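Trainee: what follows is a predicted protein model with its sequence.
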Amino acid sequence: MPEQRARTYHRNRVANTFSEEIGAMLEGELSDPRIAPSYVTEVVLAPGGKSARVFVAVHGNEEEEASTLEGLTTARAYIRSQLRDRMGVRHVPELSFAIDRSEKMTGRMEELLARTRKREQKRISSEPPATTPATGVPAKS
């Protein structure tokens, strides 16, 4: 049976609020030195609302990503209690954190595609113009 639109809309609103509130905490409230400058990219709430996965993009290398993930996992209980107080809800889902590398992957893919396009342009420009076999006149494209 398909899920009702109202339930989906509510879950999306809750996930959006979690994203904003956790993002605000990342900007200045969490004083753990392991947490590098980062921001929340997405919050995925489970259909039952019992758990949520928070995707975080970190500005830095893989070591900073690992230490940030460790710091966020350690601060999970604090973040949940703050969400409970700020939102005024009775139940806050169990949070799990994951590093979002999609922007780095997208940048790398764009770089590789640009290289391919550049090679293709070089190859096309270095080829002699095609001629028709009977007349020796350059063919029209």
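Mentor: Sure thing, it's come through.

Trainee: point out where the protein drops to low pLDDT.
Mentor: Within the chain, the ranges that satisfy pLDDT under 70 run 1-3, 129-141.

Trainee: which residues does the top helix by length along the chain contact?
Mentor: Ranked by residue count under DSSP state H, the longest helix found in the chain is helix 102-126. Contact with helix 102-126 is made by 41, 57, as judged by C-beta atoms under 8 Å, 6 or more residues apart in numbering. Yep, even glycine has a C-beta here, placed from its N, CA and C like the rest.

Trainee: could you report the neighbour count for the closest residue to residue 59 other than its chain neighbours?
Mentor: Once flanking residues are discounted, residue 59 sits nearest to residue 37: 4.7 Å by C-beta to C-beta, 6 or more residues apart in numbering. Neighbour count for residue 37, taken as other C-beta atoms under 10 Å: 12.

Trainee: contacting residues for residue 37?
Mentor: Contacts of residue 37 by C-beta under 8 Å, 6+ apart are 58-60.

Trainee: over to it: give its phi and psi.
Mentor: The phi/psi pair for residue 37 (degrees, to the nearest 10) reads phi -60, psi 120.

Trainee: repeat that for the one 10 residues further on.
Mentor: With angles defined as degrees, to the nearest 10, residue 47 shows backbone torsions of phi -60, psi -30.
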